[in-house]
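A.B. asks: Here is my input; please provide its structure:
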Amino acid sequence: MVGTAKTARATWRGRTAPLVPGLAAALAAVAVALAVHAVVPLLPAMTIAVVLGIAAVNLPGTAALCDGALRAGLNFAGKHLMRAGIVFLGLKLSLADIAGLGWVTVALVVGVVLLSFAGTYALGKLFRLDGDLPLLIATGFSICGASAIGAMAAVRGTRHADTVLPVALVTLCGTLAIGVLPLLMNPLGLDALRFGQWVGASVHDVGQVVATAQTAGSVALSAAIVIKLTRVVLLAPIVGVAGGLERRRHALRGAALPGGQGAAAGKFPPVVPLFVMGFLAMILLRTTGWLPAGIVAAGSTAQDVALGAALFGLGASVRVRQLFKTGARATAMALCSWALIAALAFGAVHLMGS
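C.D. replies: Numbering: from 1, shown residues only. Modelled structure (predicted):
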């Protein structure tokens, strides 16, 4: 019995020890990102984390570390801490806040998400992007950035390496929004409320929404957050539909083999991954109002740490030289999608006020 326990501990250490350096580096990067954000609120902490990761893997002094001792932990953070961050993201959502928008506004937001998803996916096919890239970019751009990309990749069984480019693109376009959208507020004749609604309906990541909307004051920020979180709720049904279709595809492919061997032997992907169920459970908990404010605040901090570490890990897989060579078409497609979503959201905002 004692020998078995010692063997189990040794096995556990053997599996976790390679992860420690990379996880420690990711957590240190999150601390730096949060500190910079505290000093310069206009810079979202999650964007800073991605940039730090990209810098780490492309600078001569740290590139070897990212490819060597840190790699196992960085990959773990990019995959598993992303999922943990999605669960904690649910604590930011209350169905009561969304219901307070009214059914017309909610319907318009849902319409923007669905049209954005379909339009971006069509653009991906038009630009002849490979594999799951059109689907991942469509999910990230239309719903909630890197978190949505991670959730969709899980149900599709997409390789971790194939999520790197979509995350880089959603970070690029979200960062552009922070600088460009506030400049368009007055030329487009938007007051603070309408500007906040436009930002919430069009900008990809929650942190990028906050950074963009706060330039127009508290009214814009409040409107942007509620609209954005309404989009985030749609993560679960869209991922669920994708999971169901993927499961059906596996079943059909397995049934086509002699004697249905594939259906028996193949591993079916989950319709809704466990971490997405956790995300929904957190939304319901927040909606009940039972959770003390301290727990909600702690959950928000946990989400920042988990997502920040995950984004640093993903950023540390982005080779700038390779990105320029292989990602030109994807970048052009992403910019077209960004313009499409901004236009759809702008139209929806005017319908909200009519």
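A.B. asks: got the buried residues for stretch 308-327?
C.D. replies: 308-318, 323, 327 (16 or more other CB atoms under 10 Å). C-beta: built from backbone N, CA, C; applies to glycine.
A.B. asks: tell me the contacts of Phe275?
C.D. replies: Shown here is Phe275, whose contacts under the criterion CB atoms under 8 Å, 6 or more residues apart in numbering are 83-84, 86-87, 151, 154.
A.B. asks: Are any of these buried, and if so which?
C.D. replies: Applying 16+ other CB under 10 Å to the contacts of Phe275 flags 83-84, 86-87, 151, 154 as buried.
A.B. asks: from these, which is closest to Ala107?
C.D. replies: Nearest to Ala107 among those: Ala151, at 23.4 Å, using CB to CB.
A.B. asks: Over to the closest one: give its phi and psi.
C.D. replies: phi -70, psi -40 (degrees, to the nearest 10).
A.B. asks: One more: Met82?
C.D. replies: Given degrees, to the nearest 10, the pair of backbone angles that Met82 has is phi -60, psi -40.
A.B. asks: Please report the distance of it from Leu307.
C.D. replies: For Met82, the distance to Leu307 equals 7 Å [CB to CB, to the nearest Å].
A.B. asks: same check, this time on Ala345
C.D. replies: For Ala345, the distance to Leu307 equals 23 Å [CB to CB].
A.B. asks: Give me the more crowded residue out of those two.
C.D. replies: Taking other CB atoms under 10 Å, Ala345 and Leu307 do not tie; Leu307 has more neighbours (29 against 24).
A.B. asks: which residues sit in contact with the more buried one?
C.D. replies: Leu307 makes contact with 46, 49, 81-82, 85, 89, 146-147, according to CB under 8 Å, 6+ apart.
A.B. asks: and the residue lying closest to Arg83 once chain neighbours are set aside, how far is that from Gly61?
C.D. replies: In space, and not counting its chain neighbours, Arg83 is closest to Phe275: 4.0 Å by CB to CB, 6 or more residues apart in numbering. In this view, Phe275 and Gly61 are 35 Å apart by CB to CB.
A.B. asks: How about Leu280?
C.D. replies: The gap separating Leu280 from Gly61 is 43 Å, by CB to CB.
A.B. asks: Which one of the two is surrounded by more residues?
C.D. replies: With neighbours defined as other CB under 10 Å, Leu280 and Gly61 compare such that Leu280 has more, 18 against 7.
A.B. asks: Go through whatever helix or strand that one lives in and flag the buried ones.
C.D. replies: Assigned by DSSP states H and E, Leu280 belongs to helix 274-288. For helix 274-288, a neighbour-count test (16+ other CB under 10 Å) marks 275-276, 278-280, 282-283, 285-287 as buried.
A.B. asks: looking only at pLDDT, what's the mean for that helix?
C.D. replies: Helix 274-288 shows a mean pLDDT of 92.
A.B. asks: what about that helix, distance to the chain center?
C.D. replies: 17 Å (CA atoms, centre = their mean, to the nearest Å).
A.B. asks: Tell me the helix or strand right after it.
C.D. replies: Next helix or strand after helix 274-288 toward the C-terminus (DSSP H and E): helix 293-315.
A.B. asks: what angle do that following helix and helix 274-288 make?
C.D. replies: Calculated by axes from the mean of the first three to the mean of the last three CA atoms, to 10 degrees, helix 293-315 forms an angle of 150 degrees with helix 274-288.
A.B. asks: contact partners of stretch 343-354?
C.D. replies: 104-105, 108-109, 111-112, 115-116, 119, 188, 190, 194, 197-198, 201-202.
A.B. asks: from those residues, which ones fall inside strands?
C.D. replies: Using DSSP state E, no member of these falls within strands.
A.B. asks: any idea how far the closest residue to Ala99 other than its chain neighbours is from Leu114?
C.D. replies: Closest residue to Ala99 apart from its sequence neighbours, by CB to CB, 6+ apart: Val106 at 7.9 Å. Shown here: Val106 relative to Leu114, a distance of 13 Å by CB to CB.
A.B. asks: before we move on, what about Asp304?
C.D. replies: Noted for Asp304: a distance of 29 Å to Leu114, by CB to CB.
A.B. asks: Show me which of those two is the more surrounded one.
C.D. replies: Higher neighbour count among Asp304 and Leu114: Asp304, with 20 against 14, using other CB under 10 Å.
A.B. asks: What number of residues are in the vicinity of the nearest residue to the more buried one once chain neighbours are set aside?
C.D. replies: Computed as CB to CB, 6+ apart, the closest residue to Asp304 that is not its neighbour in sequence is Ala45, at 6.3 Å. Using other CB under 10 Å, Ala45 is surrounded by 23 other residues.
A.B. asks: what residues are up against Ala45?
C.D. replies: By CB under 8 Å, 6+ apart, the residues touching Ala45 are 30, 33-34, 36-37, 207, 304, 308.
A.B. asks: This completes my enquiry, with thanks.
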